[in-house]
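Undergrad: sequence plus predicted model, see below.
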Amino acid sequence: MPATQNRINDFVLKIGTVNGTGSASANSLLMKALFRMGIPVTGKNMFPSNIQGLPTWYEIRANHQGYMSRDSRVDVMVAMNAQTYQKDLSEVSPGGFLIYDSTWPRERMLHRNDIIVLGVPLSKLCNENFSTSRLRILMKNIAYVGVLVALMNIDLEIIRTLLQESFASKPKVIDSNLKAIMLGYDYAKKNFTCPLPVRAEVMGDNSGHILIDGNTAIGLGCVYAGATVGAWYPITPSTSVMDAFTKYCEMFRTDEKTGEKRFCIVQAEDELAAAGMVLGANWAGARAFTPTSGPGISLMSEFIGFAYYAEIPSVFIDVQRVGPSTGMPTRTQQCDLMLCAYASHGDTRHPILFPSNPGECFEMAVLVFDLADRLQTPVFILSDLDIGMNDWMVPELNWDENYQPDRGKVLGVEELADMDRFVRYLDVDGDGITYRTLPGEDPKGAYFVRGSGHNRYGAYTEDSSQYQDLVDRLLIKWETVKSLVPAAVLNKSEWRTQVGIIAYGSSDAAVIEARDELVEEGIQADYLRIRAFPFGQEVTDFLHDHEIIFVVEQNRDAQMKSLLMLETNDVADRLVSILHYNGMPIPSECVVRGISEHLKSEAAA
Amino acid sequence: MTFIRKPKIALPGQKTNDLGLYLRDYEGSMSTLCAGCGHDSITASLIQALWEMSIAPEQLIKLSGIGCSSKTPAYFVHGAHGFNSVHGRMPSVATGASAANRDLICIGISGDGDSLSIGFGQFAHVIRRNLNMLYMIENNGVYGLTKGQFSAAADPGSTSKKGAVNVMQNINVVATSISMGASFVARAFSGDREQLIPLLKAAIAHPGCAVLDIVSPCVTFNDHVGSTKSYAYIRDHSHAATDVDLVLPADAISAEYKEGETLAIKLHGGSTILLKKVDAEYDPTSRAKALAYLEKHRDQGQVVTGLLFINEDLPDMHGIFKTSTKPMKDFKFHELSPGSDALAKLQQGMK
């Protein structure tokens, strides 16, 4: 037996259960309890594409330094699913612990010399203390929370308060939950030495922070942005964006007296229709969006090209999952960059925003509407399953009371009255963005939207020069886009260095942690986090300021590296890819290993 | 194709409607369809109907997909916004536009190729949502722009211009729409203005999705012997089940409804559809009876026309969703965004 090291407020707790047994509330209880003890936490859900019966895991990482990326070690495993005992056993890091339901003992099967296995007869305890079969199943999960509270020194008072808050209107539920907690807690106290060396200790109160997932943050952001029309087709992992939008719209935008709704959400027949609805609604003057995932973007590409050419503001939120094709719907990747950047046939390019955590999801869900309205073009938010569906600790969201939406260049009745003639596609200001009007206001502003060749007046054309006149202006607009999208964020290293790292989206957390670890190995690297496509001058400067640039991303084909090569001057020989694409969130060690090994091999060569 | 553009000047003696607008004010660009195309007759009837109803041009939106029929929105009411979308996708754009601004009067113009093949899904679902719109299908049984392939509306046994025989079953717009739960279904013939204009007016006044199947012969590719969508065939085989008139709210008081063969259907907007049943056995309020009647006459080789089904009580999309009567686009930002205090309060539950 190896000496077990103390790991206080720095551990990974993983829980393996069966999908559909109600473990989510138990896991959320654990997350929140650690959060309220002031310990930075993240929770990652590894769930199957299934409703009931398949294995599912929840991984909580507590880390006093505040690192948010996935750590592939497991210090404490709670194995509640006999189907996965072998896999769960093998994943525990040396010196770690495995807790399982010993109602049916598996002493020979669950044995490893370098870890400690703790059996708790959870089913037996629950069967003896709860009368209905439903409660017995549900409370078994709550009982392991009680075991962990005792073993890992989690604050029992906080657990009590959380239960009271969650079930304020259902005192009976509080009672049964508390009973289950105490069953596990008392058993552990009586039979094991508590607490374990792997444990929690109160650090503070995490004030100024919240726990939130990215999809909730985007849904909320769309409400704050004043979006009134949402069109969608259900698809994992984006569905909870519309769930959140619906929930907050119901909460904030239902007329108290009449029950009338200040929002219109349409569940479409498919993603093609959802995209069409977004175009129709934006054309008619609402702020409208659709949340989807990669397969949906493939289908929507027809309308995305239309919106680009006919210049209709539109917002597309892609919560990426593993491709190609159906791929792995419940696993994460950053694999839709190329798809979104150039979606649809013909010459097309689209602005993309890359939030790296739920806080930024909220901010960018507001910004994306301003950009779409200002630029009159489709604008994308590229999130992913890791950001979208996992629980992140982020600073509290703020709202600027002085914010006013930028609705862009829209002419109303008064402005039209002063004009001799309205011309839809005339570049008056030289920024490539032309003026539009809304249906329902003034016949003088009437124009014809079409995806076929059109001239400045919006009239059909097959004339070469008229066609080219318009598509060349769209290039001028593309230059304007560069000045409006958020700039990349530069994090300089302590010392001057020729090594650079570029990352974006959910890879950010791994890079933050990796840089600190690299410093310990004597490697200093500047870090540029890209927040948008197209790239600004700061990206080009960064590329030219470094001799070697590692591009960290979660796809097989180095899509960001390809975009950088396509859209900036030739830097191919200085870009080195660090790729992680197995469907799990990228851990920092992947970045550390990739960079240090490359630099060592270069030094040796 | 019309080659001479008539000058837009008001001539003495020309009538104006309630808005003070001339019929010419409801016209659009010059048609680029073939001379004699059924679609152009439909456009002329539509212009007449909109003018008679005194619809403000800016209140109207005209949407379409792709195909000959879908060029039509350019040919009427130049003062209305138009949207020529992608193939078969007009219904989704119309849904979005109506979601944003429910006060708009929405006319979608599609064809049998656009709605019954590539767009069949969207056609079905806009009916399910009962979107408040006029959904016109200019039905000629062929793909004209790509030179005469059969469409899904072509009758089995009918022949193409080159003599090929269609051996597949056809999709019947009227029967399909009724089956899918449409709230207003009618069929007309492009060449019969007397029937078409009142049907167009009734469809526009109907507060839900009004499907109007208009047999519109293609003079270039489907007007030969052997076609079942030619001028000659339809004139010989059409069978009127009902005859329609629309009484607008302003005229309602003076209108007299005849008993017996006349059915007066009051619409929620205040208008009344006066339905003269040409065939006494016809009941346009029963799905089962309407479908049985259609099948019976199809067996006899007849094309039934008129208002064939109506259920004015089905709620439209906004009624189903209980959306605000005020259009979404007209809400002020402060009515939509909850503000910083609400955000702070909400986040108490995220700790």
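TA: Great, that's in hand. All of these numbers come straight from a predicted model, not from anything done at the bench. Residues are numbered from 1 along each chain as shown, chains lettered A, B, ... in the order given.
Undergrad: burial check on the closest residue to residue A:463 other than its chain neighbours, number of neighbours?
TA: The shortest distance from residue A:463 to any residue that is not its chain neighbour, by Cβ to Cβ, 6 or more residues apart in numbering or on different chains, is 7.1 Å, and that residue is residue A:455. C-betas here are computed from N, CA, C, even on glycine. Here the number of neighbours of residue A:455 (other Cβ atoms under 10 Å in any protein chain shown) works out to 17.
Undergrad: ok, now residue A:514?
TA: Here the count is done by other Cβ under 10 Å, and residue A:514 has 32 residues near it.
Undergrad: report the separation between it and residue A:228.
TA: 42 Å (Cβ to Cβ, to the nearest Å).
Undergrad: got the contact list for the longest helix that chain B contains?
TA: If each helix of chain B is counted by residues according to DSSP state H, the longest one is helix B:38-52. Residues lying outside helix B:38-52 but in contact with it, judged by Cβ atoms under 8 Å, 6 or more residues apart in numbering or on different chains, are B:2, B:17, B:21-23, B:25-28, B:31, B:33, B:60, B:68-69, B:72, B:75-77, B:107, B:136, B:138, B:140, B:190-191, B:193, B:196-197, B:200-201, B:204, B:214-219, B:231.
Undergrad: swap the cut-off to 6 Å and go again
TA: Contact partners of helix B:38-52, identified using Cβ atoms under 6 Å, 6 or more residues apart in numbering or on different chains, comprise B:17, B:23, B:26-27, B:31, B:33, B:69, B:72, B:75-76, B:138, B:190, B:193, B:196-197, B:200-201, B:214, B:216-217.
Undergrad: what does stretch B:236-244 give?
TA: With Cβ under 6 Å, 6+ apart as the contact definition, stretch B:236-244 has outside contacts at B:189, B:198-199, B:202, B:275-279, B:282, B:297, B:301-307.
Undergrad: tell me how far it is from the chain's mean position?
TA: If you compare the mean C-alpha spot of stretch B:236-244 with that of the full chain, they lie 18 Å apart, counting by Cα atoms, centre = their mean, to the nearest Å.
Undergrad: buried stuff in that stretch?
TA: If you call a residue buried by 16 or more other Cβ atoms under 10 Å in any protein chain shown, then stretch B:236-244 has these buried ones: B:238, B:240, B:241, B:242, B:243, B:244.
Undergrad: dump these to CSV, plus secondary structure and pLDDT.
TA: As requested, the buried residues of stretch B:236-244 are arranged in CSV below (DSSP: H, G, I helix; E, B strand; the rest coil; pLDDT from 0 to 100):
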residue, secondary structure, pLDDT
B:238, strand, 91
B:240, strand, 90
B:241, coil, 88
B:242, strand, 87
B:243, strand, 87
B:244, strand, 88
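Undergrad: now, among these, which is nearest to residue A:409?
TA: Distances from the buried residues of stretch B:236-244 to residue A:409 were compared by Cβ to Cβ; the smallest belongs to residue B:244, at 44.5 Å.
Undergrad: and the closest one, how far from chain A?
TA: The gap separating residue B:244 from chain A is 28 Å, by Cβ to the nearest Cβ, to the nearest Å.
Undergrad: so where is the chain shaky, pLDDT-wise?
TA: Since no chain was named, I'll use chain A. Regions of chain A meeting the criterion pLDDT under 70 cover residues A:1-4, A:570.
Undergrad: sorry, I should have been clearer: chain B.
TA: Using pLDDT under 70, the flagged stretches of chain B are B:1-12, B:252-261.
Undergrad: interface residues of it facing chain A?
TA: Within chain B, the positions adjacent to chain A are B:57-58, B:61, B:79-84, B:86, B:89, B:92-93, B:95-97, B:99-101, B:104, B:121-122, B:125, B:321-324, B:328-329, B:331, B:333, B:336-338, B:340, B:343, B:347, B:350-351 by Cβ under 6 Å from any Cβ of the partner chain.
Undergrad: show the buried residues in the contacts of stretch B:236-244.
TA: B:189, B:198-199, B:202, B:275-277, B:282, B:297, B:303-307.
Undergrad: ok, whichever residue of the stretch 151-300 of chain B sits closest to chain A - how many residues close by?
TA: Closest approach between the stretch 151-300 of chain B and chain A, counting by Cβ to the nearest Cβ: residue B:180, at 12.1 Å. Look at residue B:180: counted by other Cβ under 10 Å, it has 16 neighbours.
Undergrad: right, and it touches residue B:123 too?
TA: No - under the criterion of Cβ atoms under 6 Å, residue B:180 lies out of contact with residue B:123, with a separation of 8.6 Å.
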